[in-house]
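Trainee: Here you go, sequence then predicted model.
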Amino acid sequence: MSASSSPDVTVLGAGIVGICSALSLAGRGLRVRLIDRDAPGQATSYGNAGIISPWSVVPQSMPGLWKKVPGWLLDPLGPVAVKPGYLPKVAPWGLRFLAEGRDRRIHQISDAMGFLCRNCVEGFRLHLAGTGHEDLIRDSYYVHASRNPEEADLNSLGNRLRAAQGADMERIGAADLRDLEPALTTEFQAAILIKGQARALSPGRIGAVLAEKFLSMGGEIQTRTVRGILPSETGGWTYTTEAGQDWTPKLVLAMGVWSGELLKPLGIKIPMEAERGYHVSFPAPGVALNNSIMDMDMKFVASSMEEGLRVAGTAEFAGLDQPLNRKRLDGLAELAKALLPDLRADGMETWSGQRPSLPDSLPCIGEVEGFPDLIAAFGHSHYGLMMAPKTGRLVADIVSGTPVNEDLSPFRTRRYERTKT
């Protein structure tokens, strides 16, 4: 599409969800414009743990979780942190989050997660086909390693949810784990292997490669900061950037946590929290991992990537505009050294990004109720990389008017609004 021609659809947000949406839309023959203030795939999508799992079907909120939260908050190396001054603001979200962990809800949520994640490996292989960079996705196990052998339990609730979706899993003991991953600490006594998945060798490069493919298909990318959106009186949508106001027939909102800010002036309030995640990367680690590793005790993930060995995890609730918490980065580095005793930690690089998290672990996908031609594709929390290919295909179906023969009600944008009587 030339810069002078008007698009059929504009996608706001060039994270991995926006990129996959733009690719799928362009694949339907539509003229697509993609807008972001950052280079494609180089913000939140850049920093994830690289897991591409069809079996990411376990909600963040689970029965009994409330018992663990106080201990996590008190542990400086724990997986969750809340800035004390932010606690009153995040408390209502936290209560909704815990309520979503009821037993009858988690099975519904798990099914919806499975619907979005099920074909994620094939989805990425399809998008990367023909780019010359197909090797950025590598077949992998997800190794859930435990120090207490009793906690490596195929019959745990989370693993039962995975099995119900078709996951192939195996429990192994300490000796087999050392054969599989000799760099790991010998403290681990057992592990669950989740099979049939893949890992990204460079999430940032995947974003860049797919953006190049989008351009080669005739797409247009603009580097601009989106400041507002409004429905047009004559149909379609206007959006404002530092370059002024522009119009598009259909608008896809894929700006992660910033999507909620753009919807507020329309009277739509979404309980979406900025859940800050961190990673540390070791460019010359001296050790390598063959698969993605989850330390089940401390709830963080380690994976070998092109840029080095990446350790990612922790969830910090502090609001959108807070400075980095150096203690979280230092804590991750400590955990990495405990996980990998021979790790060379010099030259450590750090990163932080904002996950867009809703209480039920599910994103908003579909036309926003009451606002024709505004399509939501945001709120993917910890699962953006895995859910992106399917989300993109659904967006393309909706925009192109292709019937979606699936129930998208779990992803309704305004599902948390109380019905007025």
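Mentor: Perfect, thanks for sending it. Numbering: from 1, shown residues only.
Trainee: Just name the shakiest helix or strand of this protein by mean pLDDT.
Mentor: helix 65-74 (a mean of 74; mean pLDDT, DSSP states H and E).
Trainee: Tell me the helices and strands packed up against it.
Mentor: strand 80-82 (3 or more C-beta pairs under 8 Å, 6 or more residues apart in numbering; DSSP states H and E). (Each C-beta comes from the backbone N, C-alpha and C, glycine too.)
Trainee: and if we set it to 10 Å?
Mentor: strand 80-82, helix 87-99 (3 or more C-beta pairs under 10 Å, 6 or more residues apart in numbering; DSSP states H and E).
Trainee: closest to Ile19 out of those?
Mentor: helix 87-99 (27.9 Å; C-beta to C-beta).
Trainee: List the buried residues of the next helix-or-strand element following the closest one.
Mentor: Sequence-wise, the next helix or strand downstream of helix 87-99 (DSSP states H and E) is helix 103-117. Neighbour counts over helix 103-117 (16 or more other C-beta atoms under 10 Å) mark Ile106, Ile109, Ser110, Ala112, Met113, Gly114, Phe115, Leu116, Cys117 as buried.
Trainee: Is Leu358 in contact with Ala274, as I believe?
Mentor: No: counting by C-beta atoms under 10 Å, Ala274 is not a contact partner of Leu358; they are 11.7 Å apart.
Trainee: so what's in contact with those two at the same time?
Mentor: Gly260 (C-beta atoms under 10 Å, 6 or more residues apart in numbering).
Trainee: who's more crowded, the two?
Mentor: Leu358 (26 against 22; other C-beta atoms under 10 Å).
Trainee: can you give me phi and psi for the more buried one?
Mentor: phi -100, psi 160 (degrees, to the nearest 10).
Trainee: Also Ala336?
Mentor: phi -60, psi -40.
Trainee: same thing with the one 3 residues further on?
Mentor: Listed backbone geometry of Leu339 is phi -70, psi -40, with angles given as degrees, to the nearest 10.
Trainee: Run through the residues that contact it.
Mentor: Leu339 neighbours (C-beta under 10 Å, 6+ apart): 145, 183-185, 187-188, 287, 289, 293, 295, 298, 300, 302, 309, 311.
Trainee: Nearest to Tyr383 among those?
Mentor: Nearest member of these to Tyr383, counting by C-beta to C-beta, is Phe300, at 16.3 Å.
Trainee: Can you give me every residue that contacts the closest one?
Mentor: By C-beta under 10 Å, 6+ apart, Phe300 lies in contact with 49, 77, 79, 278-280, 293-294, 311-314, 331-332, 335-336, 339.
Trainee: Give me the subset of the residues you listed lying in strands.
Mentor: Using DSSP state E, the members of the contacts of Phe300 that fall in strands are Tyr278, His279, Val280, Ile293, Met294, Val311, Ala312, Gly313, Thr314.
Trainee: The second one: how many residues sit nearby?
Mentor: Applying other C-beta under 10 Å, we find 25 other residues in the vicinity of His279.
Trainee: surely it meets Thr44?
Mentor: No: here His279 lies out of contact with Thr44, judged by C-beta under 10 Å, at a distance of 11.3 Å.
Trainee: CA atoms of the longest helix along the chain as PDB?
Mentor: Under DSSP state H, the helix in the chain containing the largest number of residues is helix 384-400. Taking Å, rounded to 0.1, in the frame of the first residue of the first chain, the C-alpha atoms of helix 384-400 are listed here in PDB:
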ATOM      1  CA  GLY A 384       0.700 -12.700  24.100                       C
ATOM      2  CA  LEU A 385       3.300 -14.600  22.200                       C
ATOM      3  CA  MET A 386       1.200 -17.800  22.300                       C
ATOM      4  CA  MET A 387      -2.200 -16.300  21.600                       C
ATOM      5  CA  ALA A 388      -1.000 -13.900  18.900                       C
ATOM      6  CA  PRO A 389      -1.400 -16.100  15.800                       C
ATOM      7  CA  LYS A 390      -5.000 -17.100  16.600                       C
ATOM      8  CA  THR A 391      -5.900 -13.600  17.700                       C
ATOM      9  CA  GLY A 392      -4.700 -12.300  14.400                       C
ATOM     10  CA  ARG A 393      -6.700 -14.800  12.500                       C
ATOM     11  CA  LEU A 394      -9.800 -13.900  14.500                       C
ATOM     12  CA  VAL A 395      -9.300 -10.200  13.900                       C
ATOM     13  CA  ALA A 396      -8.900 -10.900  10.100                       C
ATOM     14  CA  ASP A 397     -12.200 -12.900  10.100                       C
ATOM     15  CA  ILE A 398     -14.100 -10.100  12.000                       C
ATOM     16  CA  VAL A 399     -12.700  -7.300   9.800                       C
ATOM     17  CA  SER A 400     -13.300  -9.200   6.500                       C
END
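Trainee: related to what we said a few turns ago, in ChimeraX, select just the buried ones from the contacts of Phe300.
Mentor: Buried members of these, defined by 16+ other C-beta under 10 Å, are picked up in ChimeraX with:
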select :49,77,79,278,279,280,293,294,311,312,313,314,331,332,335,336,339
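Trainee: remind me which residues of the stretch 51-200 of the chain are low pLDDT?
Mentor: By pLDDT under 70, the low-scoring segments of the stretch 51-200 of the chain are 72, 77.
Trainee: ok now the helix or strand in which Gly158 is found, how far from the chain's centre?
Mentor: Using DSSP H and E, Gly158 sits in helix 157-164. Centre-to-centre, helix 157-164 and its host chain are 20 Å apart (C-alpha atoms, centre = their mean, to the nearest Å).
Trainee: likewise stretch 21-41?
Mentor: On the basis of C-alpha atoms, centre = their mean, stretch 21-41 sits 18 Å off its chain's mean C-alpha point.
Trainee: Could you number the chain from 14 rather than 1 from now on?
Mentor: Let's use 14 as the start, then, which means that last one is stretch 34-54.
Trainee: Show the average pLDDT along that stretch.
Mentor: Over the span of stretch 34-54, the pLDDT mean works out to 97.
Trainee: So which bits of that stretch are buried?
Mentor: For stretch 34-54, a neighbour-count test (16+ other C-beta under 10 Å) marks 34-41, 43-51, 53-54 as buried.
Trainee: just to revisit the earlier point, quick one: common contacting residues for His292 and Thr57?
Mentor: Ser365, Gly366.
Trainee: For the stretch 264-413 of the chain, which segments count as helices?
Mentor: For the stretch 264-413 of the chain, helices defined by DSSP state H, counting those that start in this stretch occupy the ranges 271-276, 339-352, 397-413.
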